[in-house]
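Asker: when you get a sec, could you give me coordinates for this:
(2 chains)
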There are 2 protein chains.
Amino acid sequence: MYASIPAIAAVAAALFVQGTSAVAANPLPKPVDITWGTSGSFSVKSLSYDGPAHPVVQDGYNRATKKIWDLKWSPAATEAPPRSFEPFPTPTAKSRKAKRTTRHYGNLNSNSTLTKVKVTVADLKAPLQHEADESYTLDIGEGSEIIVITAQTIYGALHAFTTLKQIVINDGTGTLIVEQPVSIKDKPLYPVRGIMIDSGRNYLSVQKIKEQIDGMELSKLNFLHWHMVDSQSWGVEMNSYPDMTLDAYSDRETYSHECIKDIIAYAGARGIRVIPEIDMPGHASAGWKQIDTEMMSCIDSWWSNDVWPLHTAVEPNPGQLDILNNKTYEVTGKVYKEIAEIFPDNWFHIGGDELHMNCYNFSSLIATYFESGKTMGDLYQYWVDKAIPNFRAQANKTFIMWDDVVLSPDAAASGVVPKDIVIQAWNNGPENIFNLTRDGYRVIVSSSDFMYLDCGFGGWVGNDQRYVVQVNPNKTDGSPNFNYGAGGGSWCAPYKTWQRIYAYDFTLDLSAEQKALVQGAIAPLWSEQVDDTVISSKLWPRAAALAELLWSGNKDAAGNLRTTELTQRLLNFREYLVANGVMASPLMPKYCLQHPHECDLNLDQEALWVKPTPAA
Amino acid sequence: MYASIPAIAAVAAALFVQGTSAVAANPLPKPVDITWGTSGSFSVKSLSYDGPAHPVVQDGYNRATKKIWDLKWSPAATEAPPRSFEPFPTPTAKSRKAKRTTRHYGNLNSNSTLTKVKVTVADLKAPLQHEADESYTLDIGEGSEIIVITAQTIYGALHAFTTLKQIVINDGTGTLIVEQPVSIKDKPLYPVRGIMIDSGRNYLSVQKIKEQIDGMELSKLNFLHWHMVDSQSWGVEMNSYPDMTLDAYSDRETYSHECIKDIIAYAGARGIRVIPEIDMPGHASAGWKQIDTEMMSCIDSWWSNDVWPLHTAVEPNPGQLDILNNKTYEVTGKVYKEIAEIFPDNWFHIGGDELHMNCYNFSSLIATYFESGKTMGDLYQYWVDKAIPNFRAQANKTFIMWDDVVLSPDAAASGVVPKDIVIQAWNNGPENIFNLTRDGYRVIVSSSDFMYLDCGFGGWVGNDQRYVVQVNPNKTDGSPNFNYGAGGGSWCAPYKTWQRIYAYDFTLDLSAEQKALVQGAIAPLWSEQVDDTVISSKLWPRAAALAELLWSGNKDAAGNLRTTELTQRLLNFREYLVANGVMASPLMPKYCLQHPHECDLNLDQEALWVKPTPAA
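Answerer: Numbers count the residues shown, from 1 in each chain, chains lettered A, B, ... in the order given. Modelled structure (predicted):
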């Protein structure tokens, strides 16, 4: 047993010599193709811009270069194999006094200086819409004075600037350098790479939303899914129905059209789409009930009834739009139209999750419908058949819906959900992705078992007797239970760590045709326990692990999971986020940031790889 | 089944009429004895101070009154029973348009005005030490102009000011009021009420530490346990061994004597003791190893060895002081002495947790000792017998140690751990508290199953293959496992919610003699995944639930658990913390704050009470 340890260390060291260059710069997401030279460093004293006179490109360039000089960023450590350790046991070993080492990167003997950034964009007019080309190249040749960037669109150019920010570093003495010649050819694996924020459960300030957009820009995410409202509050200013914001949490906690457009513009300047979600016909009470309580069901019911079969909602407060009330279509159509006109994106999220049959026990129309033999599936189909053409008539966009409409027990009964609706899969992990793509739907992956960033914080509803347990009831066998080792009230426990998110092979067992239908992924942060105080630390840096998964994948060239390689890159990136004002959580003691791989669980750097089965 | 719902609601309403007054002010922790009158409100336009010329009292008064005027605080809602709901099902019910109501508190018809705060302190010289008297009274009589405060010590007076801040509220129109005459007689159940911060795993800035002290002041916590260093870093400036801070994370991330004294003074002015912990002889590497590597064991070992029986530490990086090396006592004595002189408190925490036998496989002295038939228990006893008299000789303080020294498998073998050592119990919940008090030890409760605030965030070590699971292996029976429903790598999962913390009856089954030995409790926040970005949101408002548990308990006058009553008080208090600059997490959607008890799991407001067993 002991003898195997040095052997493992030797393997690990060998891997690193082959696989990793000695530069400290380690941009996240890892580019699809990045090759560092060996001829030495370039100093960067000032850079002139030689590129298109396009405001988005020029502003992006100015932001990037200003940040380079403002931060003079230096990574804490260069990715490296674990150091060697004394074998176990070695009572006569001589311990060493390892001290903090002064960071010193690069080698300026080469005397090269970069002076210019040359930017070429093939198509300056491509709109910020689904499948906009985001590819770019970035080259710094040996002895050159020029950083050469090419892109098909302005969005690719913005990504190139983001990469540039991460490869121009402080050498440790205050001099900005690029460590080696470099050649990057880069483009994302998926066109949808996003996070979901929820301003329905708790208000999120414009300033904090912009902070998330800053984090998205740095990690090359491009899709902000904004769950704007929910049963608890309606903060979106509406000209069509001004009374809806009577259900905002306060006059201050609202989003005017102007401020929404400000957020969209801020994101757009960073190549990030903003897609609104108005969740219908479930999760509906606040706002809607100010228009007409007749089209609402169960808004005055007790959500829980203290007995699960009598619940009217998955969480307080309850409320659903009455699918059989014609007023519902008049109102949802107008609301949709007004919001669709604010958002320039061609996509729009119309919700569709978690319809509760019990809620409709408070609708006489639906009670009669059910008495006639109809089911929840029939009712859901009724909604799809009536609401979607109604929305299309107002503004023809591509719709996103949660997977409940196709795959839940109460899914639309006739299976007639138009195939041009993009389905966001949050249930059942790879199984739902498989089934949806098999049935021809385009899919956005948001599997709760991997990507729900709100999981693991216990339950949030009050007056919950389940916490009143003084002694572990499973003390004898140690098996997990509510207060001991299990979820503690969080329905989707555990907390999804960056390693868990990154390890998700969400195209598992898919055919090539099915894979082509996967548009990407969105990590939701439901906000029952989130507001300005914690949104950044709950999103970051975990969303950056997702960003790399979606940009260049989680496997190395040999097809092995590269979580272990990501470690130092992500730890560095977390510090970079904080330096950029995005208040990301620390993932480990800073010791681990400063000492690559000393905080690994396994010294074996191949521990996560799929190993060939040994011959019997 | 349906019929029972209205009955429950009726019971709930009846309880509230008896048990709760209609005032919005709802100070946390709930005073032991608070009685509101009914004769009407007092306006508060300006207040003059009539009290002792003592700087701590005067500064405390000035801080409190300034905050009252700066914030003009108004609670979001008054505690009230849940509103009535339509019974399930009621398809013909008429829904109502509930809107945000304008807060309007108090009734100024009475025309009373408060003008003066009269403060009497019996003993102005009582030192801030264990068991200082913290009692106070606060009275505002019908028609009086005077707020009358009495206290035995200045610390009691400070608590009175904290209460005063929470009962002078904005009536909703900008006028400050006290809603009714009030009489408060208050003192804490336990003398030790605290939180533990950890600046060894990650640095915490002085500013952020002060923010925690602000939260402690507001919630009447009085004990800041500062785990200053750990194996990962040593940030404490040492005159005796200046090289120790070579193992700080950076030159910036250190605590000079001056800045430590600044923190102690800031806390002291708020009646809060600061007790340092230097963890010995385990959890030791950084700092110590700069003095002499000969007295260190296993600092160059691989912590994990990829096989649990070969681990040398519970987490990276490993290191322990060599108990058999005489240099260890010379060095620990000097370090103890220097730090003991900085901290005025008579208590000092000397650690003592998690000694790993395997670590000593790297000490030739200890290897020989074990070969002679000695055990880890003998070795631990050797440490106790030699280190404690050595510390006492430097500065005679009361020591705190983690419970490992008395109750772990490797506990000091002869059982000769002096009874005047206060034992901090983190293992085995009520069982260890029972056993320690049975054996005559004074106990501080820090049970990890209830009070570890760092639990539930998954694992933090890297290169962990356990996350690489795509499909729930227990899909069939749904039983919790690593990535599905269980801890996700967090050894002490789940996350401890405020309801869990508050429900802890930590004196379960103790005799009166045993109960008298329980000094209070400390909620630790270990900081592997904590630094400035998240410390406040991980500590607050959960530490406030602990604060009430320790101040006035978790039961009402009838002996029933009052978690449900705490709900609105704690939701209000969380907003108050944020308003005071303590960045506490939101616990629920703001809807729940604005609608008392609508986010309860059970409508039955007695759901958490111990019910008589029905007759058979």
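Asker: what's the separation between A:Gly40 and A:Ala557?
Answerer: Distance, A:Gly40 to A:Ala557, by Cβ to Cβ, to the nearest Å: 26 Å. Heads up, the C-betas are built off the backbone N, CA and C, glycines and all.
Asker: contacting residues for A:Leu218?
Answerer: Contacts for A:Leu218 (Cβ atoms under 8 Å, 6 or more residues apart in numbering or on different chains) come out as A:162, A:165, A:544, A:573, A:576-577, A:580, A:582.
Asker: helices - which of these land there?
Answerer: Among the contacts of A:Leu218, the members found in helices (DSSP state H) are A:162, A:165, A:544, A:573, A:576-577.
Asker: so A:Arg193, which of the three states?
Answerer: Recorded secondary structure, A:Arg193: strand (DSSP: H, G, I helix; E, B strand; the rest coil).
Asker: avg pLDDT for stretch A:125-133?
Answerer: Stretch A:125-133 comes out with an average pLDDT of 98.
Asker: repeat that for stretch A:429-442.
Answerer: Per-residue pLDDT over stretch A:429-442 has a mean of 98.
Asker: residues touching that stretch, excluding its own?
Answerer: The contact list for stretch A:429-442 (Cβ under 8 Å, 6+ apart) reads A:403, A:406-407, A:419, A:421-423, A:425, A:443, A:445, A:447, A:449-450, A:505-510, A:513-515, A:517-519, B:470-472.
Asker: so of those residues, which ones are in helices?
Answerer: Per DSSP H, the subset of the contacts of stretch A:429-442 in helices is A:406-407, A:449-450, A:513-515, A:517.
Asker: widest-spaced pair of the residues you listed?
Answerer: Within the ones in helices among the contacts of stretch A:429-442, A:Asp449 and A:Glu513 form the most distant pair, 24.7 Å apart (Cβ to Cβ).
Asker: more neighbours: which of those two?
Answerer: A:Asp449 (23 against 10; other Cβ atoms under 10 Å in any protein chain shown).
Asker: name the nearest residue to that one, sequence neighbours excluded.
Answerer: Closest residue to A:Asp449 in three dimensions, ignoring its sequence neighbours and counting by Cβ to Cβ, 6 or more residues apart in numbering or on different chains: A:Gly429, at 4.9 Å.
Asker: around the one you found, how many other residues sit close by?
Answerer: 24.
Asker: next: A:Ala516.
Answerer: 12.
Asker: what about chain A, any weak spots by pLDDT?
Answerer: Low-confidence segments of chain A (pLDDT under 70): A:1-21, A:93, A:99, A:613-616.
Asker: can I get the helix of greatest length in chain A as PDB, trimmed to CA atoms?
Answerer: Here the longest helix in chain A is taken by residue count, with DSSP H as the criterion, and it is helix A:376-394. What follows is helix A:376-394, C-alpha atoms only, in PDB (Å, rounded to 0.1, in the frame of the first residue of the first chain):
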ATOM      1  CA  MET A 376     -55.100  18.200 -15.600                       C
ATOM      2  CA  GLY A 377     -53.400  17.100 -18.800                       C
ATOM      3  CA  ASP A 378     -56.400  18.200 -20.800                       C
ATOM      4  CA  LEU A 379     -56.300  21.500 -19.000                       C
ATOM      5  CA  TYR A 380     -52.600  22.000 -19.600                       C
ATOM      6  CA  GLN A 381     -53.200  21.200 -23.300                       C
ATOM      7  CA  TYR A 382     -56.000  23.800 -23.300                       C
ATOM      8  CA  TRP A 383     -53.600  26.400 -22.100                       C
ATOM      9  CA  VAL A 384     -51.000  25.500 -24.700                       C
ATOM     10  CA  ASP A 385     -53.500  25.500 -27.500                       C
ATOM     11  CA  LYS A 386     -55.000  28.800 -26.600                       C
ATOM     12  CA  ALA A 387     -52.200  30.900 -25.000                       C
ATOM     13  CA  ILE A 388     -49.400  30.200 -27.500                       C
ATOM     14  CA  PRO A 389     -51.200  31.300 -30.600                       C
ATOM     15  CA  ASN A 390     -52.400  34.300 -28.600                       C
ATOM     16  CA  PHE A 391     -48.800  35.300 -27.700                       C
ATOM     17  CA  ARG A 392     -47.600  34.700 -31.300                       C
ATOM     18  CA  ALA A 393     -50.300  37.100 -32.500                       C
ATOM     19  CA  GLN A 394     -48.900  39.800 -30.300                       C
END
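Asker: right, I'll call it a day here.
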